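# how would this look folded up:
(one chain, ligands or ions: 1)
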Amino acid sequence: MTPPIDDIDGQVNYEGLKHCPRCAGELRSRTVRGHGRLACSACGYVFYLTPAPVTCVLVERDGAVLLVRRRYPPQAGKWCLPAGFIEQGESPEESAAREVKEETGLDVRITRYLGSWASDEDHRTPVASIAFEGEVVGGTLDPGDDADEAVFFGAGELPEEIAFSTHKDLIERSLRHPKRPKRKDSS
Ligand SMILES: [Zn+2]
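Numbers count the residues shown, from 1 in each chain. Sure thing, here's the model as predicted:
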């Protein structure tokens, strides 16, 4: 009998790996081209332990920043930027816009790359995080998917509990230096 999948939040990606996903042979630590890797002792398959790529999006409107409250671990109940893992076949920008849509109901246009970093703040896997700026172009604010709330917060209104130090930095920096409203250039 196949057991139910009941604890995806407790799952840690690279913990306790014993068998090759290709042939079920034994995985052993080996040196491959100068790096310590897990490799199959039977078929030679090399199991690369790579970070999972995630994106987050800073969406600012009228001097306020769009945050979502996390429905699931890690850090359930805390607030952060709309964010999520890149799916197979997606570009980082496509993934970023999709996550905003799923979690907040808003359509955004990705306008700028803000930065990237490595993080170990997700207990499930090391991540490589990519941040973008986005501009609302449609949709209606309506939380969904991994978010149970989606709210624009202005300076001085931020919730106490913000998940992920890097998100906190981006949010605070944005609120300290809000973008000026765009001027309609008539000339
Ligand atoms: Zn194998």
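# domains for the protein, by residue range?
The record, using automatic domain parsing to delimit domains, assigns the chain the ranges 15-48, 52-176.
# so what's Asp185 scoring on pLDDT?
With respect to pLDDT, Asp185 scores 51.
# That should have said Arg71, apologies.
Per-residue pLDDT puts Arg71 at 87.
# do the same with Val32
pLDDT for Val32: 91.
# Based on its surroundings, how many neighbours for it?
13 (other CB atoms under 10 Å). C-beta coordinates here come from the backbone N, C-alpha and C atoms, glycine included.
# Name the residues linked to it by a beta bridge.
Beta-bridge partners for Val32, by DSSP bridges, are His35.
# mind starting the numbering at 48 from now?
Yes, from this point I'll number from 48; that puts the last item at Val79.
# So it is in contact with Val93, correct?
Yes. The pair Val79 / Val93 is scored as a contact, 5.5 Å apart, by CB atoms under 8 Å.
# Now the common contact residues for those two.
Here Val79 and Val93 share the contacting residues Ala86, scored by CB atoms under 8 Å, 6 or more residues apart in numbering.
# between the domains of the chain, which one is nearest to Asp56?
Minimum separation from Asp56 across the domains of the chain (CB to CB) falls at domain 99-223, 4.2 Å.
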